[in-house]
Structures are given as structure tokens and as C-alpha cells.
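Chemist: got a sequence here, can you build the structure:
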Amino acid sequence: MEITKAITFCILLVSIGTGVAGAPIGDKGVALDWVDTEIATTPTTIPETSYEQARSYYIFAADEWSQAWNSKAIDQIRYHLGQAKTRYSDCLNTANTVDDPANAANVALLKSVSSAYIALADAALAMYDGADLFSTGRSLMSDGHYGTSAEWFQGAADKFATSQALFNQATATLQSVSYAGTEYGDGTVYTATIVPILNGKADYMREFATYARGWQHTGLAYHASANGNSATVQSEVAQAMSHFAGLRSSASFGWDATTNYNTLATFLGGTPTIPAQRTRFTIGIDGAYPPYTSQERDGAFVGFDIDSARWIADRMGFDVEFQAVAWDGIIPALQAGRVDMIYSGMTITEERKQQVAFTKPYLKINQAIVVRSDSDLTFDDIMSGTVIIGTQRGTTGEMWVQNNLIATGRMPASNLRSFLNFPLAITALFNYQVDATIYDKPPSVNIIEGQNAKIIHEIDTSEEYGIAIRKDDTDLLVTMNHGLDLLMADPYWDELKAKYGLTGV
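Modeler: Numbers count the residues shown, from 1 in each chain. Sure thing, here's the model as predicted:
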């Protein structure tokens, strides 16, 4: 089957406002006020843990982003995107160490914006990688290497799906940015402009992933035909047609999808039976929360909640896809309809119940205090308020510190350091930037295994995990409650807990 319309690949990012192309700016212009294009190296006179140093890294990141935007050659775009990601990571890591109350709002903004642009860099890189894989698959298909081409199409689809997830993650993070009290003006215009564009790019990647999977099954159908396996031909043709069928109204892929669909329909002189298209739900997760949910380097999603969700979906007759979202923006992503549920070890709290509906609880856990192995800190030291504590933003560990230490006057707010995810908090612990971390016990055990850290105390919070769903989505709530009932009554439940070291949880 010949493709009849070429797909043009372009970088899926835009330049907003004046100043550094593509750099996040408020009305005042982050990229305008203090970018010095003559600066080539980080000034050595700036303290390593200062707001000025974090801002300096951001300047360099914006410059690399600008060079990526203005480059024509793909290898140069990739190079500058990688450099921009590195500099944004430097900015984020430095900002996480800053203790500067006077610039607290500015530091928080740099953290959020850097996190978003790290995700955007990865989204663009995954897109280009997917394009390369897809192109190779097409060449192999043309040369008659059908079975091998299917492997490349599958790899392309996985890359596009990862790119989609990262665009969505960046969107959620940008929507959570607060410009109040910063030196960067009002960023609402920027956010209102960029978010619809990024949502469109995420949708494009979703469609491209579906398109690549259509070609994957087409390759497998041709391979089966060459080997005389008629049953497999029928099965693979049906799956390919199912993918192309969903794209026939697409502005980007509709013409090709329709042509490919029609060609496949007459492939063997008849029309195969197409499986009925099942309802698909998007599940929002924390991408760095083992053993419950995490995303590996190849884009695969793994964990206890991932396997649980797939089991329920199989039993209840629907499909699922997973989307990693910054934890402090995951409820807004649910409310905005970017995900259909949050199934990622979310503790049921009264505050959250004001925003979402929860299923029945499925696990109960406590918080754990982690310190370095050579530390002699005790729980009494934690309660004294003299210890610098690292947590993940938006978690119940952070809430515990705020409610039990800061609100009670035991600890100054400056002793709490909040990070985008828990691995960053653990990294800060090992780098002596914090003295202890507080986080859910099972992930704490998982992440520090084999590392120079230990748990000194388990805080009996008796938290219960539930699946979060929009309040008006009552049918889905009933479905997931029934699915949990089936799962927890099945022997697979205990097998799953044993697999992820959660026996007794």
C-alpha cells in the first residue's frame, strides 16, 4: 500500500512575545529584562545557591532555546534542545536549594517554568526520534521487509505517545505557574496563548501515534500474507483498519487514513470484521512514584497502579492510556478534562474531596522520615523544627510538615524545601541540601533501596489511597468501584502486592 500524502515534520513549539524566541515571558518579559547575549559563561561571583544563579541558568537556557528555534538542521535543533534542557535542569536544581524569602515568588516561578520547558524539550526530542523511526519503517516497508518495518512503526508510536504525555505534562505545569509577586509581570496572556497550542500539539502526537500503529499492523498483515498465514492477515488487517478508521476525520491524517483504510478493506477481496471501538480513558499519574506509578526512559509506564488499572480495564471492557502529570497540577488536569481519572497512590483527604470524587480506598499507608545513613537525627529532632526537610510539592508529606510543624510554630517555613518530585528531594538529601525527607513509606523504601539512606521513623498517618474522578462523572465512579471490588477479591490482587513489595500494605 503506497502512502499518498507526505507528512511534513516541524518543531512543535512556538515563539511567544518578543525577546528570546520561545522563552516563557510575562507581560514584563522574562527574556527581555535581563538577557545579556554577550554572556558566555556562568559568572563565578554569583553564589551557587542564590536566586541570581538560578536566574542566570535560566538566561542561558533561554538562549539555547532561541538557537534551537532559529536552527534549520535537525541535528542542530536536537543539540540546542539538549543544551536547553540541561540549563533548565541546572536552573531547577539550583532553585530547589535557594533559601531567599525576598525572592520566594520569583524562585517558585523559575521552578515551574523550568520544569515545563524540560518537559517541552523532551517532547520535541521524542517527536524527532519518532519521526526517524517512522521514516525507517516506511523505507523498510517499501523494500518489502514487512515484519521488521512493524517493529520500527511500533517504536515510532511509542515515541509519539511519550511526546504527547510530555506536552500534556508541560501544559499542566504552565497552568499552575503563579506570576503574583514576581518581577515578571502578569503571565496570564502568555499562558492563555501557549496552552491551546500545546494542547493541539499533544493531540497531534496522539493522532500520529495512532497512525503509526495503523502502519505497524499493516506491516504485520503483509508479513503474514507473505508467509501464507491467512488468519493472521485477517486479524492484523482488522487492527490496522481500526486505527485508520479513527483518523478519517483528522485534519492532519484524514486523507491518508481514509485511503489506507479503503485499500486494506479490499486487501483480500473482502472486508474484514473490524473490532468494535471500545471506550478509552486517560489516567493521570505521577511519573516518578515507584512502586505505584513511574515512566521508564523508553516511555513505558510501570507499577502497581498501572497493572491494577490495566486489569480493571480488561475486566470492565474499556481501554486505558497513561499520562504523566506534575503532581501539583494533576487535579487541575483532571478538572480541565485532560485526564479522566487519577490512579497514582493519591491519598483521600477532605481538602481533595472538595475538588474531586474518590472511589473506595484500596490501600492504606503511612509517611516515612528518611535521612542519610550517617545521620544521627531522631524523630524528636524533626519535631523540634530545627531540621531542614525536603518533600514533594502537593503531597501529604508536605501537608504533614505544614500542619504539624509550620502551622504549630515549631518550624519556620523556610526549613521546608518542596521539590517537583521525590527523587529530586532524595538527591537534595544526598547533596546535603536538606537533612531529612518525608514521603509515603512504600515509595521511600523503593527509592532508597541500596542507597546511602535510612528510615528513622514511620509517622502513623493511616492514609488511604483512592482513585480520583471528576465529581460529575458518576458512571465512571461506579465502574471503577466495581472494578476495585473484582480486583481485590481476585487472587491476582495478592500476587500484585507481592510483585511490588506491598504485602501487608
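Chemist: excluding covalently adjacent residues, which one is nearest to the residue nearest in space to the middle of the chain?
Modeler: Nearest to the mean C-alpha position of the chain, by C-alpha atoms, centre = their mean, lies residue 324 at 2.7 Å. Leaving aside its chain neighbours, residue 324 sits nearest to residue 287 (3.1 Å; criterion: C-beta to C-beta, 6 or more residues apart in numbering). Glycine gets a C-beta too; all of them are placed from N, C-alpha and C.
Chemist: tell me, how many residues neighbour the one you found?
Modeler: Around residue 287 there are 23 other residues, counting by other C-beta atoms under 10 Å.
Chemist: list the buried ones in the longest strand along the chain?
Modeler: Counting by DSSP state E, the longest strand found in the chain is strand 453-469. Under the neighbour-count criterion of 16 or more other C-beta atoms under 10 Å, strand 453-469 has 453, 456-457, 459, 461, 463-469 buried.
Chemist: farthest-apart pair in the residues you listed, please.
Modeler: 456 and 469 (36.4 Å; C-beta to C-beta).
Chemist: quick check: residue 97 is in a strand.
Modeler: No - according to DSSP: H, G, I helix; E, B strand; the rest coil, residue 97 belongs to no strand; its state is coil.
Chemist: wait, it touches residue 432, no?
Modeler: No - taking C-beta atoms under 8 Å as the definition, residue 97 is not a contact partner of residue 432, at 10.0 Å.
Chemist: which one's more surrounded, the two?
Modeler: Higher neighbour count among residue 97 and residue 432: residue 97, with 17 against 9, using other C-beta under 10 Å.
Chemist: the more buried one: what's it in contact with?
Modeler: Residue 97 makes contact with 48-49, 417, 428, 433, according to C-beta atoms under 8 Å, 6 or more residues apart in numbering.
Chemist: and residue 349, how far from residue 356?
Modeler: Distance, residue 349 to residue 356, by C-beta to C-beta, to the nearest Å: 10 Å.
Chemist: sorry, slip of the keys, the one I care about is residue 177.
Modeler: Distance from residue 177 to residue 356, by C-beta to C-beta: 22 Å.
Chemist: which one of those two has more residues nearby?
Modeler: Neighbours were tallied for residue 177 and for residue 356 using other C-beta under 10 Å; the higher tally belongs to residue 177 (23 against 20).
Chemist: helix, strand, or coil at that one?
Modeler: Reduced to three states by three-state DSSP, residue 177 is coil.
Chemist: how about it: what's its closest non-neighbour residue?
Modeler: Residue 177 sits nearest to residue 112 (C-beta to C-beta, 6+ apart), 4.5 Å away.
Chemist: and the strand or helix carrying that neighbour, what other elements does it pack with?
Modeler: Here residue 112 sits within helix 104-142, counting by DSSP states H and E. On a contact count with 3 or more C-beta pairs under 8 Å, 6 or more residues apart in numbering; DSSP states H and E, helix 104-142 meets helix 51-70, helix 74-95, helix 146-175, helix 188-226.
Chemist: quick one: the strands in the stretch 351-500 of the chain?
Modeler: 357-358, 363-372, 389-392, 416-419, 436-440, 453-469 (DSSP state E, counting those that start in this stretch).
Chemist: do you know which of those lies nearest residue 182?
Modeler: With C-beta to C-beta, the closest approach to residue 182 among the strands of the stretch 351-500 of the chain belongs to strand 416-419: 17.0 Å.
Chemist: direction included, what does that closest one pair up with?
Modeler: According to DSSP bridges, strand 416-419 has the following sheet partners: strand 389-392 (parallel).
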